[in-house]
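S.K.: Pasting the sequence and the predicted coordinates here, then a few questions.
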Amino acid sequence: MLDEEGPMSTELEPSPGTAAAPAWRPEPPAACAVSIVCPVYNEALNIAELYQRLARVLPGDDVEFIFVDDGSTDGTYEGLRAIAATDPRMRIIRFRRNFGQTAALSAGIDHARGAIIVPIDGDLQNDPNDIPRLLARLEEGYDVVSGWRRDRKDPLHRRLPSIVANRIISLISGVHLHDYGCSLKAYRREVLADVRLYGEMHRFVPIYASWQGARVTEMVVDHHPRTRGKSNYGIERTLKVILDMLVVKFLASYATKPIYVFGGFGILSLLAAVAVFCAMVYLKLAHIRDFVATPLPLVVVMLVLVGCLSVLLGLVAELTVRTYYESQGKRTYSIREVVEQR
């Protein structure tokens, strides 16, 4: 558990000349079966009841409850400390200020020690009774089970933008889920090993996992209306989600080959410049319109400049990508397992 002074332990920095870590190594064995990760922000009225429900549904010792206090100012942290004093399975991560749900979830995943990681909201709208059902679905051979709030208990002004965003995300990503916004999901730990979350991208983890070859499914879960506290999200989040989705799609498809995007756009721009130039020459030779009587010369110049700059930007991006991967020993692939016959 982390307290106000900082982490309980630190790692030593490698000394100069130490060999870099191998590009791939198997995941260390899990310390427990299930890690429940719960980001909370100003949920002092809900955390006690949420903990009681979780403890009732998951009574064994082979589980941990990780609560990430995302800079709360209403006594949430004090309430969590009181609970942790009675249950050694409780772990608390406290942020210095509010960083957002994605950062809180990322911190919880980074500190989770379970073979299976289950995020859940701290507002009591997700039902802990669904967790055993999610775990049972994983046992059927899936790597990710995503919750689907089919009977969502939120106002229309929140549900309608969410429906639109879910359709757009499914169309762009090719991963067809009904409810990306549902926090209640279950992941095998290995599918989260290389996932790094930014912005509002916590909802896209099933997409990341699917693109890496994970088996993803969804399951209908219960949803309850919020009875205490207030929501920390507004309608403007929908636009952010769509923009984040475009970033995710770019990173997934072109992160290791950006020249295809920038260079492709540059070539199209240069081809358009050639077409406009030919049209301009035709108008001149056919005595239809002089060069100075049309904006076509300026259009040609603009398209040539844009095309050349795009190609050069693609080359710079290629150098950046190679520096990023090679300087840190990162790999451009994902291994499920290695089988050797000896």
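M.R.: Yep, that arrived.

S.K.: how many neighbours does Ala255 have?
M.R.: Applying other C-beta atoms under 10 Å, we find 13 residues neighbouring Ala255. Glycine gets a C-beta too; all of them are placed from N, C-alpha and C.

S.K.: and it, what does it touch?
M.R.: Val321 (C-beta atoms under 8 Å, 6 or more residues apart in numbering).

S.K.: Quickly note the distance from Leu296 to Asp290.
M.R.: 10 Å (C-beta to C-beta, to the nearest Å).

S.K.: With neighbour numbers in mind, choose between the two.
M.R.: Leu296 (17 against 10).

S.K.: low-confidence ranges in the stretch 1-150 of the chain?
M.R.: Scanning the stretch 1-150 of the chain for pLDDT under 70 picks out 1-30.

S.K.: element containing Asn98, please.
M.R.: Of the helices and strands defined by DSSP states H and E, none includes Asn98.

S.K.: What is the burial count for the closest residue to it other than its chain neighbours?
M.R.: Distance criterion C-beta to C-beta, 6 or more residues apart in numbering; nearest residue to Asn98, sequence neighbours excluded, is Gly71 at 3.6 Å. By the criterion of other C-beta under 10 Å, Gly71 has 17 neighbours.

S.K.: Report the distance from the top helix by length along the chain to the chain centre.
M.R.: Ranked by number of residues, the top helix in the chain under DSSP state H is helix 296-328. Put simply, helix 296-328 sits 28 Å off its chain's centre (C-alpha atoms, centre = their mean, to the nearest Å).

S.K.: Phi, psi for the closest residue to Gln125 other than its chain neighbours please.
M.R.: Leaving aside its sequence neighbours, Gln125 sits nearest to His224 (C-beta to C-beta, 6+ apart; 5.2 Å). When read as degrees, to the nearest 10, the backbone of His224 gives phi -120, psi 150.

S.K.: show me where the stretch 101-250 of the chain has strands.
M.R.: 114-119, 144-148, 185-188, 216-220 (DSSP state E, counting those that start in this stretch).

S.K.: a markdown table for the ones you listed, including distance to Thr323 and mean neighbour count?
M.R.: Formatted as a markdown table, these follow (distance: least, C-beta to C-beta, whole Å; neighbours: other C-beta atoms under 10 Å):
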| stretch | distance to Thr323 | mean neighbour count |
| --- | --- | --- |
| strand 114-119 | 32 | 23 |
| strand 144-148 | 32 | 25 |
| strand 185-188 | 31 | 25 |
| strand 216-220 | 32 | 18 |
